[in-house]
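Q: structure for the following, please:
(4 chains)
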There are 4 protein chains.
Amino acid sequence: MTIEDVQNHPDSRNMPINKVGIKDIRHPFVFVDRDGHQRATVGTFNMSVNLPHHQKGTHMSRFVALLNEDCQQLSIKGFNALLEKMTHTLEAETGYLTTEFLYFVNKSAPITGVKSLLDYQIKLDGHWSKSDQKIKITVVIPVTSLCPCSKKISEYGAHNQRSHITVTAEIGDNICAEDIIQLVEKQASSELFSLLKRPDEKYVTELAYDNPKFVEDVVRDIASVLNDDQRILAYTLEAENFESIHNHSAYAVIENNKLT
Amino acid sequence: MTIEDVQNHPDSRNMPINKVGIKDIRHPFVFVDRDGHQRATVGTFNMSVNLPHHQKGTHMSRFVALLNEDCQQLSIKGFNALLEKMTHTLEAETGYLTTEFLYFVNKSAPITGVKSLLDYQIKLDGHWSKSDQKIKITVVIPVTSLCPCSKKISEYGAHNQRSHITVTAEIGDNICAEDIIQLVEKQASSELFSLLKRPDEKYVTELAYDNPKFVEDVVRDIASVLNDDQRILAYTLEAENFESIHNHSAYAVIENNKLT
Amino acid sequence: MTIEDVQNHPDSRNMPINKVGIKDIRHPFVFVDRDGHQRATVGTFNMSVNLPHHQKGTHMSRFVALLNEDCQQLSIKGFNALLEKMTHTLEAETGYLTTEFLYFVNKSAPITGVKSLLDYQIKLDGHWSKSDQKIKITVVIPVTSLCPCSKKISEYGAHNQRSHITVTAEIGDNICAEDIIQLVEKQASSELFSLLKRPDEKYVTELAYDNPKFVEDVVRDIASVLNDDQRILAYTLEAENFESIHNHSAYAVIENNKLT
Amino acid sequence: MTIEDVQNHPDSRNMPINKVGIKDIRHPFVFVDRDGHQRATVGTFNMSVNLPHHQKGTHMSRFVALLNEDCQQLSIKGFNALLEKMTHTLEAETGYLTTEFLYFVNKSAPITGVKSLLDYQIKLDGHWSKSDQKIKITVVIPVTSLCPCSKKISEYGAHNQRSHITVTAEIGDNICAEDIIQLVEKQASSELFSLLKRPDEKYVTELAYDNPKFVEDVVRDIASVLNDDQRILAYTLEAENFESIHNHSAYAVIENNKLT
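A: Numbers count the residues shown, from 1 in each chain, chains lettered A, B, ... in the order given. This is a model prediction of the structure:
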């Protein structure tokens, strides 16, 4: 018995579809970053392609088969190769691929040097066609921000809080996720660590007090560094301060496309 | 004693900021939709403005004051007025305002006519400057989808599931959120209800079996209706099926900007 | 034509069910708290009852009908009445009802007195049978915490952050959600406000620096107040500090049942 | 210079703390299940201990150090060892440890046998003291449910949907997470797969139609299996059907403690 292939029927509505595929499928893989540094993680993937007006449906199972066969290890370069292969496998003109996952960096506390892992959210987002190819990387970097106004107007103390710096960038070949993390952390009131001994806690407390920054200052100082770095081709930079004195966030965005 | 206003200091980094403001502040209000229909709800607001290069910081507290003073009731038109007032209050050129909330429609079951409320997520998203003003509305409409392939190849039954149809549209003056909801629900395998008696359940079960649609079919059929409706100026239309036979979603997108 | 009622069939597996019903249904209502203070909000409800071993299924649609007919306004007392009515309507021995929603308090800034709404998450959770009835209220109160160790060991500054204090309590008749909120906020390093002018920001910054508290101190100080308050019959008290120097939380719990 | 240890000060409030520690710290590790099967994953950990009334604070950094030094690989047995070591390292009487993570099983499609990974959420939750030790495992198993009422009353078709079966169990030594997954999947209308070819889709569609089950039936049938399995000592079993005809869930719970 042959089983009819309904998706392969012709379609008469004369309506192409921009993207069709699968969403929110989880898959484990090893992410390879700077210096071949490898980290096992779990990604959430979205995979889709365009569909011409005359085709009734895409081949959903091919996305899943590809993920299971070809996604044990990914670098940014490997992500691009997977995206191109996916587009060919689906016999499409344009393919769209995203994955989001946690990446860990083994950091040293600033005074005692004790080591601990800190987690960063990373997203890779690309599209591929013969004539137009682009990969963007998003890295969410948690930091400390300390309020200059609160410091200035108070006789002692200053409110501070955890903040998320989100960099979404088009990048050249010679830059990795950890490079972006380091660029950003140097511009915060202080960077974060999972493990701090008392001398380290004293250091980061005083460091933050010595480096008060509004949400506006943080995006300006990071944008200044991203502007000077030739490996960053275009970016959207967001800062969100989870204000310790309010139940909402302060938020700022700077965008720059050096390619235009 | 005068308290120094640090945010009002000049800034020498020569770096304008695209958006600065507050994020994720909750505020209760009454949303007014079609025929003056009023529903009390709770919104999550993002409010921001541009900041010229010479200003150190924006006036964060003015956003909160505006929300508390001027946001007891909102229609789409009222949202636009709030956005313009916000931009002026912050002494900015461009303002950005979004709010997300649940909206309830009192629906009648298809056979027995019993009434019950169904919830829909709505988002309003706008920017305002003298030369460029735009409001987009997003409505998430939960429906049933039934798989044509599963129906065709199986001797009996067909897998079906809850799906989210998300319409993000630029709209003219004479259309409301409930209009978009009704346009969409008619194109699904079946619409949803909170309360169904047995005769209603029989009806929606058979209706869905009589209207099998791939995720591709759903976006094509809805796009066809949105294309024909002059009140929709531009849209992005997404369908996500929370597949009952997989642990991931099927997903499709059609975009159309009639203004270009 | 009569439509068969499958749920009403007898069941031969000899297996009673602890709880069966509906989960995560959204419904708008007005919450009435202290001094008849009314706030429109949107609740997420779970409604269930026990099912004896001989019954095949419960009457799911009765839960939805009850919500639509009898839940326009709720106080803690009204919640108890709804729960009892639900149990009778479902012809069950024991009923279980929960709702979660946001509640807003109109607060005055500490120095300037400017007014603004602050949001608190509330959950009501009850079960009802002839022989055993209990209602618990959970209130999540966002506050500021400032670290005593960081203050002590640093020459200047001290890390601080937003914290969530969660009180889950069995209460007597003469206490409301706002009473619990006020008991808790007085014991934090500082309470939060949506709107603060500069003199207010100076005040809360210095107040927090003058009241450094570990997560351990916060739960001890609040527990001390809850222990002394006769209107609180039993409680679980949690504090979570979203540490500004780490990417994880500090967390503490004290439980006390005065009834045993 | 010595830095004062504020946490080690005595405390005079005479108030012991039930639990104090860290919450929501992410950490990568390899989970080892049945037959030594290893899967790299990322866990979210909560770690806490009791604190006697005379101690001002616990040693937060020891939790983080322990995670970084002693948590590269975990089985259920290894989790127990980590929990005991944590309690001793913190010099406490009682320790509490939880971790939540995704676990992948490489499944074969029912007809074609094509292989693909399916993800399951697992939680381990334990406490340890000299006199009282307990580990509970929670596994969330996504399945298909098909409604018997909808099938019975309709001339064709039947609504079905994805469901989550959540088993929280105290277990003996000789049972693993994958064993629980298999016990549960056999009792659903159908199990799920990431990758299905057309003959597989036909099979699972007809299988579900041949096995209609209310949320009440699913918990009764699984409870029956769990009752008969000597390796399960006590359990809470939940089923949640994300109804394809409603915007809320059907939900049922059966609990059984064989130890009492």
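Q: if I look at residue A:179, how far off is residue A:134?
A: Residue A:179 sits 19 Å away from residue A:134, going by CB to CB, to the nearest Å. For the C-beta atoms, the positions are set from N, CA and C on the backbone; glycine is no exception.
Q: between those two, which one's more packed in?
A: residue A:179 (17 against 13; other CB atoms under 10 Å in any protein chain shown).
Q: is the more buried one within a helix or a strand, and which one?
A: Using DSSP states H and E, residue A:179 falls within helix A:177-185.
Q: tell me what that helix is packed against?
A: The contact analysis (3 or more CB pairs under 8 Å, 6 or more residues apart in numbering or on different chains; DSSP states H and E) places helix A:177-185 against strand A:95-108, strand A:115-128, strand A:133-146, strand A:160-171, helix A:215-228.
Q: quick one, that helix and strand A:95-108 angle?
A: 60 degrees (axes from the mean of the first three to the mean of the last three CA atoms, to 10 degrees).
Q: quick check, the helix or strand following helix A:177-185 touching chain C?
A: The helix or strand immediately downstream of helix A:177-185 is strand A:190-191, counting by DSSP H and E. Yes. For strand A:190-191 and chain C, the contact criterion (CB under 8 Å from any CB of the partner chain) is met by residue A:190.
Q: and strand A:190-191, anywhere near chain D?
A: No. Strand A:190-191 does not reach chain D (CB under 8 Å from any CB); its nearest approach is 15.8 Å.
Q: now swap in stretch A:142-157 and tell me
A: No. Using CB under 8 Å from any CB, stretch A:142-157 stays clear of chain D, coming no nearer than 11.1 Å.
Q: re earlier: columns mean pLDDT and distance to chain C on top of the helices and strands packed on helix A:177-185, output as CSV?
A: Converted to CSV, these look like this (pLDDT from 0 to 100; distance: least, CB to the nearest CB, whole Å):
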stretch, mean pLDDT, distance to chain C
strand A:95-108, 98, 11
strand A:115-128, 98, 6
strand A:133-146, 97, 5
strand A:160-171, 97, 5
helix A:215-228, 97, 14
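Q: for residue D:8, which of these is the nearest?
A: Proximity to residue D:8 (CB to CB) singles out strand A:115-128 among those, at 21.8 Å.
Q: in that closest one, which residues are buried?
A: Buried residues in strand A:115-128, defined by neighbour count with 16 or more other CB atoms under 10 Å in any protein chain shown: A:116-128.
Q: same deal with stretch A:63-75?
A: Residues of stretch A:63-75 classed as buried: A:63-68, A:71, A:74-75 (neighbour count, 16+ other CB under 10 Å).
Q: that stretch vs chain D: in contact?
A: Yes. Under the criterion of CB under 8 Å from any CB, chain D is reached by stretch A:63-75 at A:64-65, A:68.
Q: for that stretch, what is the average pLDDT?
A: Across stretch A:63-75, the average pLDDT comes to 96.
Q: send the alpha carbons of that stretch over as PDB?
A: Output in PDB follows, covering the C-alpha atoms of stretch A:63-75 (Å, rounded to 0.1, in the frame of the first residue of the first chain):
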ATOM      1  CA  PHE A  63      14.000  19.400   9.700                       C
ATOM      2  CA  VAL A  64      13.900  16.900  12.600                       C
ATOM      3  CA  ALA A  65      16.000  14.400  10.700                       C
ATOM      4  CA  LEU A  66      18.700  17.000  10.000                       C
ATOM      5  CA  LEU A  67      18.800  18.100  13.600                       C
ATOM      6  CA  ASN A  68      19.300  14.500  14.800                       C
ATOM      7  CA  GLU A  69      21.900  13.600  12.100                       C
ATOM      8  CA  ASP A  70      23.900  16.800  11.800                       C
ATOM      9  CA  CYS A  71      23.800  18.700  15.000                       C
ATOM     10  CA  GLN A  72      26.100  17.100  17.600                       C
ATOM     11  CA  GLN A  73      28.600  20.000  17.700                       C
ATOM     12  CA  LEU A  74      28.200  23.700  16.600                       C
ATOM     13  CA  SER A  75      30.500  26.700  16.300                       C
END
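Q: so how far is that stretch off the chain centroid?
A: The chain centre lies 19 Å from the centre of stretch A:63-75; the measure is CA atoms, centre = their mean, to the nearest Å.
Q: cool, stretch A:76-89 as well?
A: 18 Å.
Q: can you give me the buried ones in that stretch?
A: Within stretch A:76-89, the residues scored as buried using 16+ other CB under 10 Å are A:76, A:78-80, A:82-87, A:89.
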